[in-house]
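Trainee: Below are the sequence and a predicted model for it; my questions follow.
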Amino acid sequence: MSLRILVTGASGFIGSALTGALANDGHFVRAASRKPPVLTNVLGSEWAALPDLEREVDWAPLLNGIDIVIHLAAIAHRTHIDSGQYARANRVATAHLLRACAQRGIKRLIFMSSIGAQTGSAADHVVTEKDEPWPITAYDRAKLAAEEEVRHSGVPFTILRPVIVYGPGAKANIAMMMRIAALPLPLPFGAFKNRRSLLSIDNLVQAVMFCLENPDTINRTFIVCDPEPITLAEMIGTLREASGRPRNLVPIPPVAVRALVFAAGRRWLWDRIGRDLVASSADLQSVGWCPRVQTKDGLRAMVQVAKPLPQASRL
């Protein structure tokens, strides 16, 4: 069934992939963003300017004639930003959107949250939706608060908590891994056995499409991740091999690398490269979602699209 869907944050990494997939699947997409996305020339879609979420937004024009809202827009992790800005753009703006959705009888809102609303950058167990949420950063606390707004709005909803998403054009942590893999020297990660759950952009788009079609996902919250976690050594090695280079990973004891990272004042970096963060998408799979992309295959595909690897820069 063709739906009329508003996607906020349509020009971002996730939004660009999702809006194109929705339009290609026969849905009408109103792509709302601060700047026009690539989608503007796709048949059955239109671009709408998204106002500054830190200010009062009149959502009525964006919701006119819409069945479903997929809310991606948010202020992401940034330096030199206060927690009030996260709260205004990520919680308050979401609350205002929900009130407008309730007034207009929107059939469902799919809210893109984050694994950070569930846990920090590392965990000593497999993370599931049953765990008590423990957000660490102001961004993640604002995401969790926005989730609560969604649950209490009266609007039918689905909340998705993706782990780190990778794919062509990914930024932040994935871009950092790409830069590390691009360094033209041996890397000291051969002995790293810590595991991380990642999420292919293709799997995330597929998860959203699945939720649109499956009533069993209504009024539920789901972690979304690839089927199996991957070690840091496997991640870096796969990126290097996919670019046609040797793995060249030296088995330095992780404790020695940890000491260097701490000495450099980058303790936050150790949580991301030296510790586990394994999540489970068993709840979403239990209602029928079946992720198609395995992490190593997805990483190889990302490198093939992105060649050549970015030049190394300081971390």
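Mentor: Looks like it came in fine. This one's a predicted model, so the numbers in the text were calculated from it and none came from an experiment. Numbering: from 1, shown residues only.

Trainee: pLDDT weak spots in the stretch 51-200 of the chain?
Mentor: For the stretch 51-200 of the chain, residues meeting the criterion pLDDT under 70 lie at 77-83.

Trainee: Please, where are all the helices along it?
Mentor: 60-63, 83-86, 93-104, 138-151, 172-182 (DSSP state H, counting those that start in this stretch).

Trainee: for the fourth one, packing partners?
Mentor: Counting contacts by 3 or more CB pairs under 8 Å, 6 or more residues apart in numbering; DSSP states H and E, helix 138-151 is packed against helix 83-86, helix 93-104, strand 108-112, strand 157-162. (Glycine included, C-beta is placed from N, CA and C.)

Trainee: want to throw those into a markdown table with mean neighbour count?
Mentor: Conversion of these to a markdown table gives the following (neighbours: other CB atoms under 10 Å):
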| stretch | mean neighbour count |
| --- | --- |
| helix 83-86 | 16 |
| helix 93-104 | 20 |
| strand 108-112 | 24 |
| strand 157-162 | 24 |
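
Trainee: before we move on, the earlier item: using JSON lines, lay out the helices of the stretch 51-200 of the chain together with distance to residue 237.
Mentor: Listed next are those as JSON lines, based on distance: least, CB to CB, whole Å:
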{"stretch": "helix 60-63", "distance to residue 237": "45"}
{"stretch": "helix 83-86", "distance to residue 237": "36"}
{"stretch": "helix 93-104", "distance to residue 237": "40"}
{"stretch": "helix 138-151", "distance to residue 237": "30"}
{"stretch": "helix 172-182", "distance to residue 237": "9"}
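
Trainee: Minimum distance to residue 69: which of these has it?
Mentor: In terms of CB to CB, the element of the helices of the stretch 51-200 of the chain nearest to residue 69 is helix 93-104, at 6.0 Å.

Trainee: got the CA positions of that closest one in PDB?
Mentor: Coordinates of each C-alpha in helix 93-104 appear next as PDB, following Å, rounded to 0.1, in the frame of the first residue of the first chain:
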ATOM      1  CA  ALA A  93      10.900  19.800  19.100                       C
ATOM      2  CA  THR A  94       9.800  16.100  19.200                       C
ATOM      3  CA  ALA A  95       7.200  16.900  21.700                       C
ATOM      4  CA  HIS A  96       5.800  19.700  19.600                       C
ATOM      5  CA  LEU A  97       5.800  17.400  16.500                       C
ATOM      6  CA  LEU A  98       3.900  14.700  18.400                       C
ATOM      7  CA  ARG A  99       1.200  17.200  19.500                       C
ATOM      8  CA  ALA A 100       0.800  18.200  15.900                       C
ATOM      9  CA  CYS A 101       0.600  14.600  14.800                       C
ATOM     10  CA  ALA A 102      -2.100  13.800  17.400                       C
ATOM     11  CA  GLN A 103      -4.200  16.800  16.300                       C
ATOM     12  CA  ARG A 104      -4.000  15.700  12.700                       C
END
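
Trainee: so what's the nearest residue to residue 98 once chain neighbours are set aside up against?
Mentor: Nearest residue to residue 98, sequence neighbours excluded (CB to CB, 6 or more residues apart in numbering): residue 153, at 3.8 Å. The neighbours of residue 153, taking CB atoms under 8 Å, 6 or more residues apart in numbering as the test, are 95, 98-99, 101-102, 109.

Trainee: ok, so of these, who is nearest residue 173?
Mentor: Taking CB to CB as the measure, residue 173 lies nearest residue 109 of the contacts of residue 153, at 27.0 Å.

Trainee: Counting neighbours, what do you get for the residue lying closest to that closest one once chain neighbours are set aside?
Mentor: Using CB to CB, 6+ apart and skipping residues adjacent in sequence, the residue nearest residue 109 is residue 69, 4.6 Å away. Residue 69 has 27 neighbouring residues, counting by other CB atoms under 10 Å.

Trainee: ok, now how distant is residue 91 from residue 219?
Mentor: Distance, residue 91 to residue 219, using CB to CB, to the nearest Å: 20 Å.

Trainee: returning to what we had before: show me what contacts the residue nearest to residue 109?
Mentor: Counting by CB under 8 Å, 6+ apart, residue 69 makes contact with 5-6, 8, 63, 97, 101, 106, 108-110.

Trainee: Buried residues in stretch 240-252, which are they?
Mentor: 240-243, 247, 249, 252 (16 or more other CB atoms under 10 Å).

Trainee: hmm, back to that, who's more crowded, residue 91 and residue 219?
Mentor: residue 91 (20 against 13).

Trainee: thought that one was touching residue 145?
Mentor: Yes: here residue 91 reaches residue 145: they are 4.3 Å apart, a contact under CB atoms under 8 Å.
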